[in-house]
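Visitor: Predicted model follows, preceded by the sequence.
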Amino acid sequence: MLGSLVSIAVTVLIFGFLIFIHEFGHYIVARAFGVGVIEFSIGMGPKIKTWKGKYNDFSIRAFPIGGFVNMVGEYDEEIPEEHQYKIPLNERAVWKRILIVIAGPIMNLLLAYIVMIALVSSQNAIGTAVIGAFDENSVSDQYGLQLNDEIIRVNGKKIHCFEDISYKVLSDGIEPIDIVVLRNGEEVYLEDVCFAQEKIDGIVFGKIDFRVYGEKKTVGNVMREAFWKAGSTIYMTLDSLIDTFSGRYGIDAVGGPVAVGDEINTVIKESDGFTETMQNLGTLIVMISVSLGICNLLPIPVLDGGRLLFYIIEAIRRKPMNPKYEQAICAVFTVLLLALMFFVLMKDIAGLF
């Protein structure tokens, strides 16, 4: 029981922190451009606690599934009297509004990079792309890969870190793949390299069957490795979204806060010691933060990406969309998004039993 309560508390703290970082991005850029702010809220639904700040209210709400920065003129046509002296969002140049709307996702991606620096720093060495050993019963060495090959491209994707290799084999290794290696100073093209396969939750993945050399850590290669590993997580998130929409993974691959909480619970239970627990939670934070940033940039009304799309249209037309049309579109997508969230929530809860 205590373990479950700890997992719930950790899940709420992680989501609350990531939401705070996201909304803080919107907030600081809005404030920098002089846009009036009415409320900075973490959570949705009824207010639990509100503080009166010098410039705006700060609130914590009941459900830790989101947050918002209520800017003057953004949601309410009628501006409360106490905020009427402030500059409305729509009176700022469209490029400033674009920067305000993308600041949240950018903060999530920046956080992912910072956490990744900490994770890489905790490793014993920096992984390379040079094959150091093949596993017992390996398959890929029978199709041309050799010891000391430096893998530089997999199925056309340039390799910057071991995670790039690992993900491409995991994703594309269900079929023969093309690999370019650097061997004795020359590029060698290997066609139709095969890997073993494994099935996880009914989905088939490729299985990497070799290990790579490591190199000693320096400040420079830690920063570089963290950058490319964070970039690999972004690539993996985008590629997984495409695979999900294309039907490869199906709706079972879609998870919400409950599914994430269950994964956090698993990490806490199965990690060996405090250090490993923190490393595994850090990896989850990177993945969640990247997913939050990327998904918020999808061109869907009510998300940051939808607002960004409206601003881009405004910049092209040199005049804003009709507010009535914009509100109608947002209302429809709000209902659809709430329906999707409810469906995912019910699916996640059913998956616990």
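Guide: That came through, no problem.

Visitor: Every contact and neighbour count from this point should use C-alpha atoms.
Guide: OK.

Visitor: quick one, strands of the stretch 251-353 of the chain?
Guide: Along the stretch 251-353 of the chain, no segments are classed as strands by DSSP state E, counting those that start in this stretch.

Visitor: quick one: low-confidence ranges for it?
Guide: Residue ranges of the stretch 251-353 of the chain with pLDDT under 70: 251-260, 341, 343-353.

Visitor: again with the stretch 1-150 of the chain
Guide: Within the stretch 1-150 of the chain, the ranges that satisfy pLDDT under 70 run 1-3, 75-78, 80.

Visitor: Which parts of it are helices?
Guide: In the stretch 1-150 of the chain, helices defined by DSSP state H, counting those that start in this stretch lie at 2-32, 94-121, listed in chain order.

Visitor: Would you mind putting these into TSV with distance to residue 181 and mean neighbour count alongside?
Guide: Below are the helices of the stretch 1-150 of the chain laid out as TSV (distance: least, C-alpha to C-alpha, whole Å; neighbours: other C-alpha atoms under 10 Å):
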stretch	distance to residue 181	mean neighbour count
helix 2-32	39	18
helix 94-121	25	21
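
Visitor: Adding distance to residue 179, write those helices out as a markdown table.
Guide: Written out in a markdown table, the entries for the helices of the stretch 1-150 of the chain read as follows (distance: least, C-alpha to C-alpha, whole Å):
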| stretch | distance to residue 179 |
| --- | --- |
| helix 2-32 | 37 |
| helix 94-121 | 26 |
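
Visitor: Tell me which of these lies nearest to residue 60.
Guide: Comparing the helices of the stretch 1-150 of the chain by their distance to residue 60 (C-alpha to C-alpha), the top pick is helix 2-32, with 9.7 Å.

Visitor: Which neighbouring elements make contact with that closest one?
Guide: When contacts are defined as 3 or more C-alpha pairs under 8 Å, 6 or more residues apart in numbering; DSSP states H and E, helix 2-32 sits against strand 37-52, strand 57-71, helix 94-121, helix 257-270, helix 273-296.

Visitor: if you compare the ones you listed, which one is most tucked away?
Guide: Comparing those by mean neighbour count (mean count of other C-alpha atoms under 10 Å), helix 94-121 comes out on top with a mean of 21.

Visitor: Could you list every helix and strand in contact with that helix?
Guide: With contacts defined as 3+ C-alpha pairs under 8 Å, 6+ apart, the secondary structure elements packing on helix 94-121 are helix 2-32, helix 219-246, helix 273-296, helix 304-317.

Visitor: In terms of residue numbering, what are the domains of the protein?
Guide: Taking automatic domain parsing as the domain assignment, the ranges for the chain are 2-119+291-351, 124-216.

Visitor: just to revisit the earlier point, could I get the helices and strands packed on helix 94-121 as CSV with distance to residue 60?
Guide: Written out in CSV, the entries for the helices and strands packed on helix 94-121 read as follows (distance: least, C-alpha to C-alpha, whole Å):
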stretch, distance to residue 60
helix 2-32, 10
helix 219-246, 29
helix 273-296, 20
helix 304-317, 21
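
Visitor: nearest to residue 52, of the ones you listed?
Guide: Set against residue 52 and scored by C-alpha to C-alpha, these come closest in helix 2-32, at 15.7 Å.
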